[in-house]
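**Student:** only geometry, no sequence info:
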């Protein structure tokens, strides 16, 4: 609910509407949203904070008085839609700049109709239309314009059906290699994704496995690194019942600094065996007594596994001490600090460990909110923080295939483009109404707010998806390949 309410508030603020705009609309749900919106704005202002919509509004307010803007030319490029605040900023910049131009992707075809309202809006505010003519045999025109002339023998577009996303990633690499063999350089090939989070890691691994250089726009989440995953595993153990399976998973996976921690590099399979023989399931009070009992039962029998028992007990004691030292609740600095103290004692020093620690330590700044944190809050925040931080992969057009999201790649031209992930409900994504602010309520709010207010209906998403597909395919000047998985990984069908 929190994320849904935050998204609704963001939509309202992007339209230039405040809590007062909700006052004229009937219904308990809208009144509840207004109270949440008012409380959000009050708390934000009380803390001296601002969000990015506030920055956009402030920029629009300041632009006409800026000497830098008055001395500059404005070029708006790579966009097909603008929200209310963005339109306000563009008009403010255009009114003050020496000159202004806007470039909107357009082809007289149904797939591009989503951009028509923006083109009309620019024309309404004094921008003159100057259609840029493309070559008559461009790939985009051949694909999207009404059919005309004699069909060509060449096949500039291919559609590949593959069983599963892992195989799909391999087929994308195979297609890229075939394109390269036909004379198209790697840096002239783009792999454009509607859902980068779903495909980026698969494609990166597939390209690396085949030795094909790639550039991944936005990089990969720091959360994907071994050090980051180790922190999340350790944070889950701290304050828990220390289930045997999760403790041993941490032991086998994490780069633990065993020599510094217990003065010994263990035989991990022997530790696994000992915990099974001891009958440990979970519970902090179960570990040491059961390990001690195992020593008594086995006596002095010579065994390589039993030789590991003192070291396993020492490790478990360190883990128990760290768990007890981690508060279940406190300030963000207290809880985050305790988790990081344990992390830096248990994990080997490395560049990635330092990056992980630095990113997570930023969460201490949440003390400014005056809200106490539970260990569960900190665990969730750690995952989100590490997911936002990115690791770079490759360099753009430095002899590498470009892998990018459709929105990031707008306006970039390639000789060949591959578009994976054309599966139902993924691309095109289904249009879903906002459960808090329904489309009918959005239309009514915009009408009451007056002319010029843009509060888009969520059900219009399919039209935007068609536009995005058209842009992805239009990015190719010569060849395009479309791939989809015919196997639903969720159902196995």
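**Tutor:** Perfect, thanks for sending it. Note that the coordinates shown come from a computational prediction; the quantities given were computed from them, not determined experimentally.
**Student:** where along the stretch 1-150 of the chain do the helices fall?
**Tutor:** 2-14, 28-47, 52-62, 67-70, 84-96, 116-124, 139-144 (DSSP state H, counting those that start in this stretch).
**Student:** take these and write them to a markdown table, including mean pLDDT.
**Tutor:** Output for the helices of the stretch 1-150 of the chain, formatted as a markdown table (pLDDT from 0 to 100):
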| stretch | mean pLDDT |
| --- | --- |
| helix 2-14 | 88 |
| helix 28-47 | 88 |
| helix 52-62 | 92 |
| helix 67-70 | 91 |
| helix 84-96 | 92 |
| helix 116-124 | 91 |
| helix 139-144 | 59 |
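**Student:** would you mind putting the ones you listed into JSON lines with distance to residue 380 alongside?
**Tutor:** (Each C-beta comes from the backbone N, C-alpha and C, glycine too.) Listed next are the helices of the stretch 1-150 of the chain as JSON lines, based on distance: least, C-beta to C-beta, whole Å:
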{"stretch": "helix 2-14", "distance to residue 380": "11"}
{"stretch": "helix 28-47", "distance to residue 380": "20"}
{"stretch": "helix 52-62", "distance to residue 380": "22"}
{"stretch": "helix 67-70", "distance to residue 380": "41"}
{"stretch": "helix 84-96", "distance to residue 380": "30"}
{"stretch": "helix 116-124", "distance to residue 380": "38"}
{"stretch": "helix 139-144", "distance to residue 380": "44"}
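**Student:** please name whichever of these is nearest to residue 392.
**Tutor:** Ranking these by proximity to residue 392 (C-beta to C-beta) places helix 52-62 first, at 23.2 Å.
**Student:** buried sites along that closest one?
**Tutor:** Buried residues in helix 52-62, counted by 16 or more other C-beta atoms under 10 Å: 53, 56, 57, 59, 60.
**Student:** quick one, what contacts the last one?
**Tutor:** If a contact means C-beta atoms under 8 Å, 6 or more residues apart in numbering, then residue 60 has 85, 88, 89, 91, 92 as its contacts.
**Student:** could you measure from it over to residue 96?
**Tutor:** 11 Å (C-beta to C-beta, to the nearest Å).
**Student:** equivalent analysis for the third one, please.
**Tutor:** In this view, residue 57 and residue 96 are 16 Å apart by C-beta to C-beta.
**Student:** so what does residue 157 look like in phi/psi?
**Tutor:** Main-chain torsions, residue 157, degrees, to the nearest 10: phi -120, psi 140.
**Student:** residues contacting the nearest residue to it once chain neighbours are set aside?
**Tutor:** Counting by C-beta to C-beta, 6 or more residues apart in numbering, residue 480 is the residue found nearest to residue 157 once chain neighbours are left out, at 5.0 Å. By C-beta under 8 Å, 6+ apart, the contact list for residue 480 reads 139, 143, 156, 157, 158, 416, 417, 418, 419, 473.
**Student:** number of residues surrounding the third one?
**Tutor:** Neighbourhood size, residue 156 [other C-beta atoms under 10 Å]: 16.
**Student:** could you do the last one as well?
**Tutor:** Here the neighbour count serves as a burial measure; for residue 473 (other C-beta under 10 Å) it reads 20.
**Student:** quick one: what helix or strand has it in it?
**Tutor:** Using DSSP states H and E, residue 473 sits in helix 461-474.
**Student:** and that helix, how far out from the chain middle?
**Tutor:** 20 Å (C-alpha atoms, centre = their mean, to the nearest Å).
**Student:** strand partners of the helix or strand following it, parallel vs antiparallel please.
**Tutor:** Scanning forward in sequence from helix 461-474 by DSSP H and E, the next helix or strand is strand 476-485. The pairing partners recorded for strand 476-485 under DSSP bridges are strand 157-162 (parallel), strand 414-419 (parallel).
**Student:** dump the buried residues of helix 52-62 to TSV, plus distance to residue 184.
**Tutor:** Compiled in TSV, the buried residues of helix 52-62 are given as follows (distance: C-beta to C-beta, whole Å):
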residue	distance to residue 184
53	42
56	40
57	45
59	41
60	43
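**Student:** out of those, who's nearest residue 345?
**Tutor:** Ranked by distance to residue 345 (C-beta to C-beta), the buried residues of helix 52-62 are led by residue 53 at 41.7 Å.
**Student:** residues contacting the closest one?
**Tutor:** The contact partners of residue 53, by C-beta under 8 Å, 6+ apart, come to 10, 13, 14, 85.
**Student:** repeat for residue 351
**Tutor:** Taking C-beta under 8 Å, 6+ apart as the definition, residue 351 has no contacts.
**Student:** going forward, count from 52.
**Tutor:** I'll keep to 52 as the first residue from here, and by that count the last item is residue 402.
**Student:** now do the strands in this structure.
**Tutor:** Taking DSSP state E to define them, one finds strands in the chain at 124-128, 150-154, 208-213, 240-244, 265-272, 380-381, 424-425, 441-444, 452-456, 465-470, 527-536.
**Student:** which of the ones you listed is buried the deepest?
**Tutor:** Highest mean neighbour count among the strands of the chain (mean count of other C-beta atoms under 10 Å): strand 240-244, with a mean of 27.
**Student:** tell me the helices and strands packed up against that one.
**Tutor:** Contact here means 3 or more C-beta pairs under 8 Å, 6 or more residues apart in numbering; DSSP states H and E; on that basis strand 240-244 packs against helix 216-232, helix 247-261, strand 452-456, strand 465-470.
**Student:** dump the contacts of residue 104 to a markdown table, plus neighbour count and distance to residue 98.
**Tutor:** Listed next are those as a markdown table, based on neighbours: other C-beta atoms under 10 Å; distance: C-beta to C-beta, whole Å:
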| residue | neighbour count | distance to residue 98 |
| --- | --- | --- |
| 61 | 14 | 18 |
| 64 | 23 | 17 |
| 65 | 20 | 21 |
| 136 | 21 | 22 |
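**Student:** from these, pick the one nearest residue 427.
**Tutor:** Nearest to residue 427 out of the contacts of residue 104 is residue 61 (C-beta to C-beta; 25.4 Å).
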